[in-house]
Every structure is written in structure tokens, then in C-alpha cells.
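# generate a structure from the sequence data that follows.
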Amino acid sequence: MKAIILGCGLISGRWIRTLAADPRITVTALIDTDRPAAALAAGSCGLGGVPWFPALEAALAADGAGVAVNLTPVGSHARYTRSALEHGLHVFTEKPLALGLDEARALTQMAQSRALTLAP
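The predicted model follows:
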């Protein structure tokens with residue numbers, strides 16, 4: 001399965017290495033507003049050839065991924081998860097799913113209504 005990484009901060013290295021080690025998963029895009037952070041994450045994880053995109057929508061146009069791994073800052077989790085679900089991607093996200101219970105429920109319902117997996 002093709003996976004895109006949303007957020008290339010400190011925690012991303014651990015997840016990228018774990019995902020890249022699984023032969024069933026191919027990391028096909030790194031998305032971060034900070035290009036140097038994405039380059040550092042790619043380089044430290046042996047993914048130098050994986051393209052960087054500043055936004056999810058740009059990566060989707062070129063990628064064909066099936067899952068988004070949301071490693072963005074906590075305050076951005078819900079926004080990026082919602083966007084990935086709207087684009088038909090399964091989502092794995094760092095905790096918390098959202099900053100409020102109502103928003104978390106709405107994301108869960110959105111995933112269920114689209115037959116997508118949402119895993120915090």
C-alpha cells in the first residue's frame with residue numbers, strides 16, 4: 001500500500017523508518033510546510049528519492065496513495081485527518097484524534113460513512 005506522511009517533525013523519523021521497513025508499505029510522499037524538515041526526515045530515513053509536497057492536495061494529484069499517516073502538530077490533527085478522509089484515504093493519526101470530543105466523533109462518523117479506516 002502506498003502511504004503518504006503528513007508532517008515531518010521530530011516524531012516522523014520513528015514512524016517513517018517503521019513504515020519503510022514493512023515490505024507491504026511504500027512511502028511515496030512527504031508533506032510538510034517546512035521543506036528542510038521534510039528533507040531531513042527523508043535523508044535520515046533513507047528516503048532521499050521520495051518527493052516533498054507543501055500540501056496534501058498537491059501530493060494527491062501525483063501520488064495515488066491509499067493511506068495518510070498524520071504526524072502533524074496536535075492542533076492540526078483534525079484538519080489534516082478530515083482532508084485525507086475527504087480525499088478517500090484511510091488515516092492513521094497520532095493521538096489525540098482531535099482537540100474536542102465532538103470533532104473526534106465527527107471524524108469517526110465521516111470515516112465510517114465512507115468505509116475508510118481511521119486509527120489513532
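# double-check that residue 68 belongs to a strand.
Yes: assessed with DSSP: H, G, I helix; E, B strand; the rest coil, residue 68 lies in a strand.
# not counting its neighbours along the chain, what's nearest it?
residue 84 (3.9 Å; CB to CB, 6 or more residues apart in numbering). Any C-beta I mention is one placed from the backbone N, CA and C, and that applies to glycine too.
# got it, and residue 3?
residue 67 (4.9 Å).
# can you pull the contacts of that neighbour?
1, 2, 3, 4, 89, 90, 91, 92, 117 (CB atoms under 8 Å, 6 or more residues apart in numbering).
# switch the residues you listed over to CSV; also include secondary structure, distance to residue 43 and pLDDT.
Formatted as CSV, the contacts of residue 67 follow (DSSP: H, G, I helix; E, B strand; the rest coil; distance: CB to CB, whole Å; pLDDT from 0 to 100):
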residue, secondary structure, distance to residue 43, pLDDT
1, coil, 24, 90
2, strand, 21, 92
3, strand, 18, 94
4, strand, 18, 94
89, coil, 25, 95
90, strand, 27, 97
91, strand, 26, 97
92, strand, 23, 96
117, coil, 30, 97
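# dump those into JSON lines; add distance to residue 79 as well.
What follows is the contacts of residue 67, written out as JSON lines (distance: CB to CB, whole Å):
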{"residue": "1", "distance to residue 79": "23"}
{"residue": "2", "distance to residue 79": "22"}
{"residue": "3", "distance to residue 79": "19"}
{"residue": "4", "distance to residue 79": "16"}
{"residue": "89", "distance to residue 79": "14"}
{"residue": "90", "distance to residue 79": "17"}
{"residue": "91", "distance to residue 79": "12"}
{"residue": "92", "distance to residue 79": "16"}
{"residue": "117", "distance to residue 79": "19"}
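# now render the residues you listed as TSV, adding distance to residue 108 and neighbour count.
Formatted as TSV, those follow (distance: CB to CB, whole Å; neighbours: other CB atoms under 10 Å):
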residue	distance to residue 108	neighbour count
1	21	12
2	24	14
3	21	24
4	21	25
89	15	28
90	13	20
91	11	25
92	14	20
117	11	13
